[in-house]
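Chemist: give me the fold of what follows.
(2 chains)
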Amino acid sequence: DAGVTQSPTHLIKTRGQQVTLRCSPKSGHDTVSWYQQALGQGPQFIFQYYEEEERQRGNFPDRFSGHQFPNYSSELNVNALLLGDSALYLCASSGVDSPYEQYFGPGTRLTVT
Amino acid sequence: GEDVEQSLFLSVREGDSSVINCTYTDSSSTYLYWYKQEPGAGLQLLTYIFSNMDMKQDQRLTVLLNKKDKHLSLRIADTQTGDSAIYFCAEPYSGGSQGNLIFGKGTKLSVKP
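Modeler: Alright, predicted model coming up:
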């Protein structure tokens, strides 16, 4: 049973560029959440997708957008990258059978130079 | 506002018990969580406790919940060097959909042989 997978593992971008990160949820899960974890901090909630719609959003600017596909996989897009966007981006999934159990992927390490 | 507080560091000797403490703010939280993060990795769901429980035990892990003081603790019995990691306490967003979590900054547990 595959867990949550994310790609790429690492990414280096330049200020002002755009980036797309990808996530495949754990088998049987239909809900995907994205978190940003800055160095030395706990993860911060960006948004959650369910039934291909953004269901809830944290305190992040509109530069952060996402998408969920019919197979439940998801993308996180960040436009106009800032140095402060450098972080570990974590994807988490949950399912209707265990909505209170959220499982995380290994993350994508984004470095903005 | 919503905030989760944890002490940042804990050092113990192998074989001792570790106790990691956390305070949370939302008295309506349904579940409270403990996650573990090893270096360079994503978050692993260790355990969670429903708010109508005072204690939950799972092998070497014991979770204690004091709702009056909004205090959560994680005890690891017979701590091993493999337990060295960062431990995060988390609670759901107030009024948020299931699974969207607020994390503390994490407690770094160091286990000395």
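
Chemist: roughly how far does the nearest residue to residue B:84 once chain neighbours are set aside sit from residue A:37?
Modeler: Ranked by Cβ to Cβ, 6 or more residues apart in numbering or on different chains and with sequence neighbours excluded, the top spatial neighbour of residue B:84 is residue B:111, at 4.8 Å. Heads up, the C-betas are built off the backbone N, CA and C, glycines and all. Plainly put, residue B:111 is 23 Å away from residue A:37 if you go by Cβ to Cβ, to the nearest Å.

Chemist: again with residue A:44
Modeler: 7 Å.

Chemist: so between the two, which is more surrounded?
Modeler: Using other Cβ atoms under 10 Å in any protein chain shown as the criterion, residue A:44 and residue A:37 rank with residue A:37 on top: 22 against 18.

Chemist: can you pull up the bridge partners for that one?
Modeler: residue A:88 (DSSP bridges).

Chemist: hang on, isn't it packed against residue A:43?
Modeler: Yes. Here residue A:37 lies in contact with residue A:43, judged by Cβ atoms under 8 Å, at a distance of 4.4 Å.

Chemist: any shared contact partners between those two?
Modeler: residue A:90 (Cβ atoms under 8 Å, 6 or more residues apart in numbering or on different chains).

Chemist: how about the residues of chain B that lie near chain A?
Modeler: B:4, B:30-31, B:33, B:35, B:41-45, B:48, B:88, B:90, B:93, B:96-106 (Cβ under 8 Å from any Cβ of the partner chain).

Chemist: check contacts around the residue nearest to residue B:84.
Modeler: Residue B:111 touches B:11, B:12, B:13, B:14, B:18, B:79, B:80, B:81, B:83, B:84, counting by Cβ under 8 Å, 6+ apart.

Chemist: which helix or strand contains the second one?
Modeler: Using DSSP states H and E, residue B:12 maps to strand B:9-13.

Chemist: quick check: angle from the helix or strand where residue B:21 lies to strand B:9-13?
Modeler: Secondary structure assignment for residue B:21, by DSSP H and E: strand B:18-23. If you take axes from the mean of the first three to the mean of the last three Cα atoms, to 10 degrees, strand B:18-23 sits at 160 degrees to strand B:9-13.

Chemist: neighbouring contacts of strand B:18-23?
Modeler: Here strand B:18-23 has contacts from B:4-7, B:10, B:12, B:34, B:69-76, B:79, B:83, B:87, B:89, B:104, B:107, B:109, B:111, using Cβ under 8 Å, 6+ apart.

Chemist: which of those fall in strands?
Modeler: Among the contacts of strand B:18-23, the members found in strands (DSSP state E) are B:5-6, B:10, B:12, B:34, B:71-76, B:87, B:89, B:107, B:109, B:111.

Chemist: which among those end up buried?
Modeler: B:6, B:10, B:12, B:34, B:72-76, B:87, B:89, B:107, B:109, B:111 (16 or more other Cβ atoms under 10 Å in any protein chain shown).

Chemist: could those residues go into TSV alongside distance to residue B:25?
Modeler: TSV is the format used below for those (distance: Cβ to Cβ, whole Å):
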residue	distance to residue B:25
B:6	13
B:10	22
B:12	28
B:34	17
B:72	12
B:73	16
B:74	18
B:75	22
B:76	25
B:87	19
B:89	12
B:107	18
B:109	23
B:111	30
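
Chemist: need the max-distance pair from the residues you listed.
Modeler: B:72 and B:111 (21.2 Å; Cβ to Cβ).
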